[in-house]
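Enquirer: With the input below, show me the fold.
(chains A and B)
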Number of protein chains: 2
Amino acid sequence: MRTILRGKNSEVVIDTDGPVVIIGESINPTRRKRLVATLQEHDFSYVIELAESQIKAGADVLDVNVGFPGVDDVKLLPETVRAIQEKFDVPLCLDSPNPEAIEAALKVASGKCLINSVNGKEESLKALLPVAKEYGSAIIGLCMDDEGITNDPQKRLGIAEKIIERSLAVGIKEEDIIIDPLAMAVSADPKACLVTLETIRLIRRKLGHNITQGASNISFGLPDRESLNAAFMAISIYNGLTCPIANPEKITAIVRATDLVLGRDDFAVRFVDYYQSRC
Amino acid sequence: MRTILRGKNSEVVIDTDGPVVIIGESINPTRRKRLVATLQEHDFSYVIELAESQIKAGADVLDVNVGFPGVDDVKLLPETVRAIQEKFDVPLCLDSPNPEAIEAALKVASGKCLINSVNGKEESLKALLPVAKEYGSAIIGLCMDDEGITNDPQKRLGIAEKIIERSLAVGIKEEDIIIDPLAMAVSADPKACLVTLETIRLIRRKLGHNITQGASNISFGLPDRESLNAAFMAISIYNGLTCPIANPEKITAIVRATDLVLGRDDFAVRFVDYYQSRC
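Expert: Predicted coordinates for the structure are as follows:
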């Protein structure tokens, strides 16, 4: 299955057979005081810096999240989108819990965006699916619903099926639905990663959709997060993850390595190119 | 299935359910001029250094290979074994293509060793299986035979089955047979790692034996070998690898991370201990 995202004139294809597409996570105020401070002044210079460094480090798509306490992201999200797309021709992943902010951003965004995210809650499905249909966007369907977060991979699969069914019903194309199996911190639950890995395997096998995840969450609260994220990333890709949301500065090397190991990089061209670009 | 190796008074259990046991690869003259030079003088001080640093870095078992052009390892292998076991109480993996050197080393070694390796060739089976039985050793069964190396995982599985059958016939215990699926350089063949990963999966699923591999080979000839080895190691462990032969200085972090991700390290005790030991 192939999900196509677009910038002004660019196109990014996310293919379930790989290679992996990286969605840069860094335009996100969590633990980035400087981003909050500059955004409060409607100063987008730091956003532009983050966009540039992520693209250089291997990001194909940029996640844009400008939510922090006290902000009105219905105004700020579209402003940020415009600032980024004036400088870079890259598809965007619009990231907000607020459907109004998503719609406001879609109104000004060029190309075809990815909405991050819809989940299995009635409220979310009702608010966002018609918007995705109207703007021709792709969506991320997060495997949680009105009952919360389950640790049963079969139930997470069931939520994915429900989101897909409801999306198809409003006219969203099957290939425009990317599933997020949900990755939780392994420090809080020793089985957390196993549940996610099994959910990925099931989605890949039974549904065949593209799969994303916020891949840095799993190592929260632990040291040497890079080794943990690397191990989890490699196995996730093996099981079917195709477009992780991550920090490309830290994850691109292992992503390129995994693509090579999985026979998706003939003559190691992308792996060696990336290596050389970082020397 | 549990394979038990022993030093003088120590015991290492390799369990198919993990956690992973690391066999240190560094006592091997390939690309180690200083090791060749000191061994030629029967000076074991550098061997002892390599043993110590590997144990500190997480090796549970040490591979001992002292083969280089012009050496008589029938004499040198037992001398080296004795030198190591005088200083360290650690199980050894005796690594030589020469069955006489293996037997000479078994005569002086304490505990229960691992023989690296028997393969599916008639010559190998006939020479080594009776020796393994006589000394109560465990063996590594390498998935190649008189027809050479196949790229068909099912055929590699078939060779493993043949080695197991022949080993059982001479009285070697099932759990004392560890299979090596064979890992080749991905620079020479883009599908090399995929073949190995699928062979691991099949062995784990159909035979249930412990699995080893010389895990550094796959990145030969490429830059950033650590990312490649890390990606391959994580997926290999997920598929069933339980006792890689590798450089612990470079691989222990990703091995501990993978065990944690796979729910084999409650409260992240081993992962955090290792991290702290390297600070």
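
Enquirer: Is it correct that A:Glu11 is in contact with A:Ile4?
Expert: Yes. Using Cβ atoms under 8 Å, A:Glu11 and A:Ile4 qualify as a contacting pair, with a distance of 6.0 Å. Where you see a C-beta, it was placed from the backbone N, CA and C, and this is true even at glycine.

Enquirer: Compare the two and say which is more crowded by neighbours.
Expert: For A:Glu11 versus A:Ile4, neighbours defined as other Cβ atoms under 10 Å in any protein chain shown are more numerous around A:Ile4 (16 against 11).

Enquirer: Assumed the more buried one was part of a strand.
Expert: Yes. Counting by DSSP: H, G, I helix; E, B strand; the rest coil, A:Ile4 is located in a strand.

Enquirer: Please give the element, helix or strand, for the residue of the stretch 51-200 of chain A found nearest chain B.
Expert: In the stretch 51-200 of chain A, the residue found nearest to chain B is A:Cys193; the distance is 4.4 Å by Cβ to the nearest Cβ. In the assignment (DSSP states H and E), A:Cys193 maps to helix A:192-202.

Enquirer: on contacts alone, who are the packing partners of that helix?
Expert: Contacts defined by 3 or more Cβ pairs under 8 Å, 6 or more residues apart in numbering or on different chains; DSSP states H and E place helix A:192-202 against helix A:153-170, helix A:225-239, helix B:248-261.

Enquirer: got the phi/psi numbers for A:Val47?
Expert: With angles defined as degrees, to the nearest 10, A:Val47 sits at phi -60, psi -40.

Enquirer: Relative to A:Ile251, how far out is A:Ser117?
Expert: Distance, A:Ser117 to A:Ile251, by Cβ to Cβ, to the nearest Å: 20 Å.

Enquirer: Please disregard the earlier target; I meant A:Pro244.
Expert: 7 Å.

Enquirer: Ok, A:Leu157 next?
Expert: Distance from A:Leu157 to A:Ile251, by Cβ to Cβ: 26 Å.

Enquirer: What of A:Pro223?
Expert: Remark: distance between A:Pro223 and A:Ile251 (Cβ to Cβ) = 18 Å.

Enquirer: and what of A:Asn119?
Expert: To A:Ile251, A:Asn119 is 24 Å away according to Cβ to Cβ.

Enquirer: Who has more neighbours out of those two?
Expert: A:Ile251 (25 against 21).

Enquirer: Double-check the more buried one against A:Leu228; I have them as touching.
Expert: No. A:Ile251 lies out of contact with A:Leu228 (Cβ under 8 Å); the separation is 11.7 Å.

Enquirer: Give the residues shared as contacts by these two.
Expert: In terms of Cβ atoms under 8 Å, 6 or more residues apart in numbering or on different chains, A:Ile251 and A:Leu228 are not both contacted by any residue.

Enquirer: Count the residues that sit near A:Phe271.
Expert: A:Phe271: 25 neighbours (other Cβ under 10 Å).

Enquirer: what about it, which helix or strand?
Expert: helix A:269-277.

Enquirer: Could you tell me how far the residue of the stretch 1-150 of chain A found nearest chain B is located from A:Ala246?
Expert: Closest residue of the stretch 1-150 of chain A to chain B, Cβ to the nearest Cβ: A:Val20 (11.3 Å). Look at A:Val20 and A:Ala246: by Cβ to Cβ, they are 10 Å apart.

Enquirer: do the same with A:Leu207
Expert: Taken as Cβ to Cβ, the span from A:Leu207 to A:Ala246 is 22 Å.

Enquirer: How about A:Ile84?
Expert: Distance, A:Ile84 to A:Ala246, using Cβ to Cβ: 18 Å.

Enquirer: quick one: low-confidence parts of chain A?
Expert: Under the criterion pLDDT under 70, no range of chain A is flagged.

Enquirer: Chain B contacts on that one?
Expert: A:186-187, A:190-191, A:193-194, A:197, A:218, A:222-224, A:227-228, A:230-232, A:234-235, A:238, A:253-254, A:256-258, A:260-263, A:265-268, A:271-272, A:275-276 (Cβ under 8 Å from any Cβ of the partner chain).

Enquirer: Noted, bye for now.
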